[in-house]
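**Student:** Got a predicted structure here, sequence first:
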Amino acid sequence: MKTFTRDLFQHYLLFVLVLLQNVSTISPHKIPRLSPYNKEALSSVSEADSEDLKTYYYRQTLDHFNFAPQSYATFNQKYVVSTKHWGGPESNSPIFAYFGAEAPLDGDFSVIGFLSQIAPRFKSMSLYIEHRYYGESIPYGTMEEAMKNETTRGYFNSAQAIADYAEIVLHVKKKFSAHNSPVIVVGGSYGGMLASWFRLKYPHIAVGALASSAPILYFENITSPYAYFSLVSKDFKEVSHKCYETIRKSWSEIDRIASKDGGLSILSRRFKTCSSLTSTLDLKYYLEGMYSEAAQYNAPPEYPVTEVCRGIDGAQKGSDVIGRIFAGMASYRGKRSCYNMTTRHTQTSVGWRWQDIKLVLKRFGSNIIFSNGLRDPYSTGGVLEDISESILTVTTRNGSHCLDILVAKESDPEWLVTQRKTEVKIMEEWLTTYYADLKS
């Protein structure tokens, strides 16, 4: 199997190239779920490509692994196809399949530009598949019904998801008479983990997998439980040690103020919350998410970690710790009349919380918030060096979460352009090998 994987943070943009022949069983574990930074500012795929996308629904099996009567239930799973640049079955032109992750598929078309932008070069079909329990691909009709008890939630796991993808890929090959068209699967973050596991589990279906920012080693007893937030902390410390120290001190200062009579009201006023705080947790989770998001999506030209620290370090003279933290928040989020720190429940927040805690990961501690001392990170589950002759890496000091599979822009830095060229070259090698084997 060949897989690309890339580290989660600004310091490492890497791709793991895995060529494994064996099938292994991997227990699901943890990756963070964050919203892409400034997603609205990203370029979109061309209008012509968007118009070429055709939506289909596959009657998917609820349970791929058991034979109880309820296992034969089905649901409609959404997939979308673009054949605009496809060379067709006569030339055995390839299929690039993008694996949707913990969100509705529709949100990916405007930002995941990799498939559409390489399609002319490879004369490839672009196939996008929605993950079960998200978007329009929800068994039992609604998310509330699907999540209501242990039985209905039990079919919501990564093993079932990649079995879904296997059925749909084979269905699409049959539908378009593409029996000898090679398939390369693509995913980012959790979707990248699925892509890598898919190649391990179904090597007869996919000739390779590109797993962008997929922390495939972020498992207990392999990676330090403090790795993620150690690197978040490291990012801030490298930009500004003063900024980092202010953040570190702020947690105890929040607790100190909250312990006073009317302390939560003081914090609500200082942070301009849209609704009054009932505990410090909403505030802490909001700030923790902001720092993590800034580090994980520390992409050019915004560089959000720098933006946060610019606000903190540049706060009005005489500002206390809370004032400086608020200045950093306002610098990053933009000046607003109030800041909403209440969790908004969506399919992703509900579904990913279930996967996050129960299926994909075990909760790790956040030492940027709760620890006075920081441990050096071992890794965040990304592979930083070759593991074997068949597990290769391409690394860089720069990067941002899933940046390589987002829409390419003229303003992209040279290192990112080079990374994408490296990916394309490796995929060309996969396909060359496949076509040579097919011919022989």
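**Tutor:** Thanks, I have it.
**Student:** Which parts of the stretch 301-440 of the chain are strands?
**Tutor:** For the stretch 301-440 of the chain, applying DSSP state E, counting those that start in this stretch gives strands covering 391-394.
**Student:** In the protein, which residue sits furthest out from the middle?
**Tutor:** Relative to the mean C-alpha coordinate of the chain, counting by Cα atoms, centre = their mean, the farthest residue is Asp261 (41.6 Å).
**Student:** Tell me the pLDDT of it.
**Tutor:** Among the per-residue scores, Asp261 shows a pLDDT of 96.
**Student:** From one end of stretch 267-283 to the other, what's the distance?
**Tutor:** 9 Å (Cα to Cα, to the nearest Å).
**Student:** So for it, what gets flagged as buried?
**Tutor:** Leu267, Ser268, Arg270, Phe271, Thr273, Leu277, Thr280, Asp282, Leu283 (16 or more other Cβ atoms under 10 Å). Quick note: C-beta positions are derived from backbone N, CA and C, even for glycine.
**Student:** Kindly report the same for stretch 312-332.
**Tutor:** 312-313, 315, 321-322, 324-332.
**Student:** Can you name the residues in contact with it?
**Tutor:** Stretch 312-332 has contacts (Cβ atoms under 8 Å, 6 or more residues apart in numbering) with 240, 242-243, 246-247, 249-250, 253-254, 257, 267, 270-272, 287, 290, 294, 304, 307-311, 336, 339.
**Student:** quick one: Asp108 and Glu130 touch, right?
**Tutor:** No. Look at Asp108 against Glu130 with Cβ atoms under 8 Å: they stay out of range, at 9.1 Å.
**Student:** overlap in contacts of the two?
**Tutor:** Gly100.
**Student:** who has more neighbours, these two?
**Tutor:** Glu130 (27 against 21; other Cβ atoms under 10 Å).
**Student:** quick one, what contacts the residue lying closest to that one once chain neighbours are set aside?
**Tutor:** Leaving aside its sequence neighbours, Glu130 sits nearest to Leu105 (Cβ to Cβ, 6 or more residues apart in numbering; 3.9 Å). Neighbouring residues of Leu105 by Cβ under 8 Å, 6+ apart: Lys78, Val80, Tyr128, Ile129, Glu130, His131, Tyr134, Gly135, Ser137.
**Student:** same check, this time on Asn92
**Tutor:** Asn92 touches Ala178, Asn180, Ser181, Pro182, Tyr435, Leu438, counting by Cβ under 8 Å, 6+ apart.
**Student:** run the last query once more with 6 Å
**Tutor:** Asn92 makes contact with Asn180, Ser181 under the criterion Cβ atoms under 6 Å, 6 or more residues apart in numbering.
**Student:** go on, Lys84?
**Tutor:** Counted by Cβ under 6 Å, 6+ apart, Lys84 has contacts Asp52.
**Student:** and Arg59, that one's in a strand?
**Tutor:** Yes. According to DSSP: H, G, I helix; E, B strand; the rest coil, Arg59 belongs to a strand.
**Student:** How many residues are close by it?
**Tutor:** Arg59: 10 neighbours (other Cβ under 10 Å).
**Student:** tally of neighbours for the residue lying closest to it once chain neighbours are set aside?
**Tutor:** Nearest in space to Arg59, with sequence neighbours left out and distances taken as Cβ to Cβ, 6+ apart, is Thr74 at 5.0 Å. Thr74 has 12 neighbours, counted by other Cβ under 10 Å.
**Student:** partner residues bridging Thr74?
**Tutor:** With DSSP bridges as the criterion, Thr74 is bridged to Thr61.
**Student:** That one reaches Asp63, doesn't it?
**Tutor:** No. Between Thr74 and Asp63 there is no contact under Cβ atoms under 6 Å: 10.0 Å.
**Student:** At the geometric centre of the chain, which residue sits there?
**Tutor:** Ser189 (3.1 Å).
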